[in-house]
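**Q** just coords:
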């Protein structure tokens with residue numbers, strides 16, 4: 001290299017380093033995390049606030065001017081790994097952090113879309129994600145960007161360089177474990193769940209020291225397994241989940257009972273409780289495991305200091321349809337009879353919406369949020385389903401033949417799956433991305449084998465309507481009334497954002513990011529991103545202007561498990577692009 005070339009190279013390197021340093025984000029503090037729902041200049045929690053309401057108090061962008069929203073940059077994840085982009089962007093001091101499929105992390109300049117760094121996890125050949133190679137985002141803490149991998153590890157990266165600070169194995173990927181959810185940081189504790197319910201794993205929720213990856217406590221989510229608190233690196237018994245084994249499980253099935261909390265959780269500062277949901281019991285064949293099968297298909301409230309299960313609510317006892325109970329439990333308050341109710345709402349895969357007292361888990365009310373439910377005729381006064389026995393698939397015969405096939409609605413992918421809903425503080429409504437489909441389902445004989453699928457069931461998913469599958473609904477949690485709906489031909493599989501500007505944002509597999517009037521459902525704006533939108537949109541303020549960002553990239557469970565539904569989406573284009581839009585300051589007007 002010549003002297004002139006060396007000088008040019010050094011100058012270029014220095015300028016690049018100064019550029020990166022110029023947009024380096026300040027460290028994320030506990031105060032930042034606690035204030036995330038009200039600090040419009042950042043997004044540092046999954047859910048845009050610890051309670052997961054996905055609501056912004058910004059109203060520069062509103063129903064009067066959303067037609068002026070325009071793209072300002074698009075960042076391609078690059079390579080050939082363009083599949084299933086479900087990440088929620090995080091933004092701190094002009095830097096955006098996202099994850100991509102195949103356990104990748106990117107830091108991007110939020111003003112220009114320029115890549116600052118990229119980290120690619122080295123995944124082994126034997127990973128076993130049931131439902132695509134997706135990842136739903138990072139946690140930010142101090143100077144770290146922390147995420148989970150498809151081989152069930154937690155990895156902490158330096159936020160300015162992308163270099164690994166620590167790496168921790170959470171579970172054995174060879175047994176079917178993985179991590180797809182964004183971790184959660186609460187008061188200096190990093191909280192994560194695990195995926196893998198289709199492989200007969202035992203679900204667990206764990207807390208780690210985010211600074212070094214030291215395990216602090218672990219709480220199994222299947223009855224009969226011991227929880228532990230770790231003191232000076234040593235495990236101290238912290239009680240068996242449920243008190244003892246075999247109370248609601250037959251024989252030894254609790255040892256491979258599933259119940260994976262694969263979607264992650266939220267935290268409610270008002271009650272100091274973590275809220276996590278748990279997945280299906282294993283195997284799917286319910287005739288092998290009579291009983292309620294705690295704590296599968298449930299919502300759990302945990303003490304963040306030690307992992308103690310404070311209360312639980314099981315949405316589908318003795319689940320025979322794969323109605324995982326993982327869907328988010330969102331804290332909200334409302335007035336009734338002159339008193340404030342500390343409630344939490346969840347739209348379950350089983351087709352029912354539940355409103356619970358989040359201080360103790362008591363059932364307040366429940367109602368269908370989809371058009372067709374066949375497996376149950378309703379809910380009793382305690383929120384327990386009233387089963388329609390003719391719609392439970394039959395037991396396999398002693399000779400090994402499959403059991404009686406039934407057609408059940410919703411399908412196992414749920415009236416609502418992973419895609420997070422939003423609670424509009426200004427309207428008091430939940431905005432629920434949902435789907436109208438059913439399934440032929442039958443039971444088969446099965447035995448557990450480590451690392452192999454453990455279902456004991458077969459199925460075929462079918463649309464319930466020719467014109468649409470997806471429905472974005474505005475639901476009143478106090479009455480159960482559907483206020484408005486938007487019907488979409490393909491299934492909806494992306495998250496929802498609502499704002500004080502009376503806007504609701506979500507995407508569809510056809511590739512559009514869309515904005516609706518939160519009060520009446522009128523579609524006001526849309527933009528074609530070039531691939532299916534199955535990520536969760538966010539909004540924030542920077543340099544006096546309001547921005548919106550979302551991941552674009554079709555994939556996820558629908559094209560893998562979708563039966564006849566997959567025919568509707570088979571020609572959709574995969575992708576991997578982070579889109580960012582803004583309302584120019586010249587277009588900002590006051591909200592009516």
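**A** Arrived safely. This one's a predicted model, so the numbers in the text were calculated from it and none came from an experiment.
**Q** Mind jotting down where the strands sit in the stretch 51-200 of the chain?
**A** 55-56, 70-76, 90-92, 95-100, 104-109, 115-120, 139-141, 144-148, 153-158, 164-169, 184-186, 189-192 (DSSP state E, counting those that start in this stretch).
**Q** would you list the ones you listed in CSV and tack on mean neighbour count, distance to residue 381 and mean pLDDT?
**A** Bear in mind the C-beta positions are built from the backbone N, C-alpha and C, glycine included. Output for these, formatted as CSV (neighbours: other Cβ atoms under 10 Å; distance: least, Cβ to Cβ, whole Å; pLDDT from 0 to 100):
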stretch, mean neighbour count, distance to residue 381, mean pLDDT
strand 55-56, 28, 31, 98
strand 70-76, 15, 51, 98
strand 90-92, 25, 42, 98
strand 95-100, 26, 43, 98
strand 104-109, 24, 47, 98
strand 115-120, 17, 51, 98
strand 139-141, 27, 39, 98
strand 144-148, 27, 39, 98
strand 153-158, 22, 42, 98
strand 164-169, 16, 45, 98
strand 184-186, 24, 33, 98
strand 189-192, 24, 33, 98
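**Q** Out of these, which gets nearest to residue 584?
**A** strand 70-76 (7.1 Å; Cβ to Cβ).
**Q** relative to strand 104-109, how tilted is that closest one?
**A** 140 degrees (axes from the mean of the first three to the mean of the last three Cα atoms, to 10 degrees).
**Q** Not counting sequence-adjacent ones, nearest residue to residue 275?
**A** Distance criterion Cβ to Cβ, 6 or more residues apart in numbering; nearest residue to residue 275, sequence neighbours excluded, is residue 329 at 4.2 Å.
**Q** Does the one you found touch residue 357 like I think?
**A** No: counting by Cβ atoms under 8 Å, residue 357 is not a contact partner of residue 329; they are 11.8 Å apart.
**Q** Find residues that contact each of those two.
**A** Common contacts of residue 329 and residue 357, defined by Cβ atoms under 8 Å, 6 or more residues apart in numbering, comprise residue 344.
**Q** Tell me which of the two has more neighbours.
**A** Using other Cβ atoms under 10 Å, the more surrounded residue of residue 329 and residue 357 is residue 329, with 28 against 16.
**Q** Which pLDDT value belongs to that one?
**A** Each residue has a pLDDT score; the one for residue 329 is 98.
**Q** if you skip the residues just before and after it, what's nearest to residue 36?
**A** Residue nearest to residue 36 in three dimensions, not counting chain neighbours: residue 45, with 4.5 Å by Cβ to Cβ, 6+ apart.
**Q** how close does that neighbour sit to residue 257?
**A** Distance check for residue 45 against residue 257: by Cβ to Cβ, to the nearest Å, it reads 30 Å.
**Q** In contact with residue 226: list those residues for me.
**A** Residue 226 sits next to 220, 237-241 when contact means Cβ under 8 Å, 6+ apart.
**Q** what bridges to it?
**A** Applying DSSP bridges to residue 226 yields these beta-bridge partners: residue 240.
**Q** related to what we said a few turns ago, what would the strands of the stretch 51-200 of the chain look like in JSON lines with distance to residue 37?
**A** Shown next, in JSON lines, are the strands of the stretch 51-200 of the chain (distance: least, Cβ to Cβ, whole Å):
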{"stretch": "strand 55-56", "distance to residue 37": "7"}
{"stretch": "strand 70-76", "distance to residue 37": "25"}
{"stretch": "strand 90-92", "distance to residue 37": "14"}
{"stretch": "strand 95-100", "distance to residue 37": "18"}
{"stretch": "strand 104-109", "distance to residue 37": "23"}
{"stretch": "strand 115-120", "distance to residue 37": "26"}
{"stretch": "strand 139-141", "distance to residue 37": "15"}
{"stretch": "strand 144-148", "distance to residue 37": "20"}
{"stretch": "strand 153-158", "distance to residue 37": "24"}
{"stretch": "strand 164-169", "distance to residue 37": "28"}
{"stretch": "strand 184-186", "distance to residue 37": "14"}
{"stretch": "strand 189-192", "distance to residue 37": "18"}
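**Q** Quick one, which of those strands gets closest to residue 424.
**A** Among the strands of the stretch 51-200 of the chain, the nearest to residue 424 by Cβ to Cβ is strand 55-56 (6.1 Å).
**Q** by contact count, what packs against the closest one?
**A** The contact analysis (3 or more Cβ pairs under 8 Å, 6 or more residues apart in numbering; DSSP states H and E) places strand 55-56 against strand 422-424, strand 497-499.
**Q** Give me the contact list for that strand.
**A** By Cβ under 8 Å, 6+ apart, the residues outside strand 55-56 that reach it are 37, 40, 48-49, 422-425, 497-500, 539-540.
**Q** what lines up beside it in the sheet?
**A** In the sheet, strand 55-56 lines up with strand 497-499 (parallel) (DSSP bridges).
**Q** And the partner strand, how far out from the chain middle?
**A** With Cα atoms, centre = their mean, to the nearest Å as the basis, strand 497-499 stands 17 Å off its chain's centre.
**Q** again, but for stretch 82-97
**A** Taking Cα atoms, centre = their mean, one finds stretch 82-97 lying 14 Å from the centre of the chain it belongs to.
**Q** ok so, going back, now mean pLDDT too, for the helices and strands packed on strand 55-56, in TSV please.
**A** Converted to TSV, the helices and strands packed on strand 55-56 look like this (pLDDT from 0 to 100):
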stretch	mean pLDDT
strand 422-424	98
strand 497-499	98
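**Q** now, of those, which is deepest in the fold?
**A** Among the helices and strands packed on strand 55-56, strand 497-499 has the highest mean neighbour count (mean count of other Cβ atoms under 10 Å), at a mean of 27.
**Q** Sheet partners, orientation included, of the helix or strand hosting residue 301?
**A** Residue 301 belongs to strand 298-302 when elements are defined using DSSP states H and E. Strand pairing for strand 298-302, determined by DSSP bridges: strand 273-277 (antiparallel), strand 309-314 (antiparallel).
**Q** I'd like to know which of these is closest to residue 472.
**A** The closest of the strands paired with strand 298-302 to residue 472 is strand 273-277. By Cβ to Cβ, the value is 21.2 Å.
**Q** State the mean pLDDT of that closest one.
**A** 98.
**Q** what distance separates that strand from the centre of its chain?
**A** Centroid separation between strand 273-277 and its chain, computed with Cα atoms, centre = their mean, is 13 Å.
**Q** So which bits of that strand are buried?
**A** 273-277 (16 or more other Cβ atoms under 10 Å).
**Q** cool, stretch 279-290 as well?
**A** Using 16+ other Cβ under 10 Å as the test for burial, stretch 279-290 gives 279-289.
**Q** cool, stretch 307-324 as well?
**A** Across stretch 307-324, burial judged by 16+ other Cβ under 10 Å covers 307-309, 311-324.
**Q** do stretch 442-449 as well
**A** Neighbour-count burial for stretch 442-449 [16+ other Cβ under 10 Å]: 442-446.
**Q** Format the strands paired with strand 298-302 as CSV; extra columns: distance to residue 30.
**A** Formatted as CSV, the strands paired with strand 298-302 follow (distance: least, Cβ to Cβ, whole Å):
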stretch, distance to residue 30
strand 273-277, 15
strand 309-314, 22
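**Q** which stretch among those strands comes nearest residue 557?
**A** Between the strands paired with strand 298-302, strand 273-277 lies closest to residue 557; by Cβ to Cβ that is 16.2 Å.
**Q** So which residues make contact with the closest one?
**A** Contact partners of strand 273-277, identified using Cβ under 8 Å, 6+ apart, comprise 184, 186, 191, 193, 205, 221, 261, 263-268, 298-304, 310, 324-329, 331, 344, 346, 358.
**Q** Mind checking which of these are buried?
**A** Here, 16+ other Cβ under 10 Å leaves 184, 186, 191, 193, 205, 221, 261, 263-268, 298-302, 304, 324-329, 331, 344, 346, 358 buried among the contacts of strand 273-277.
**Q** What pLDDT does the model give residue 15?
**A** 36.
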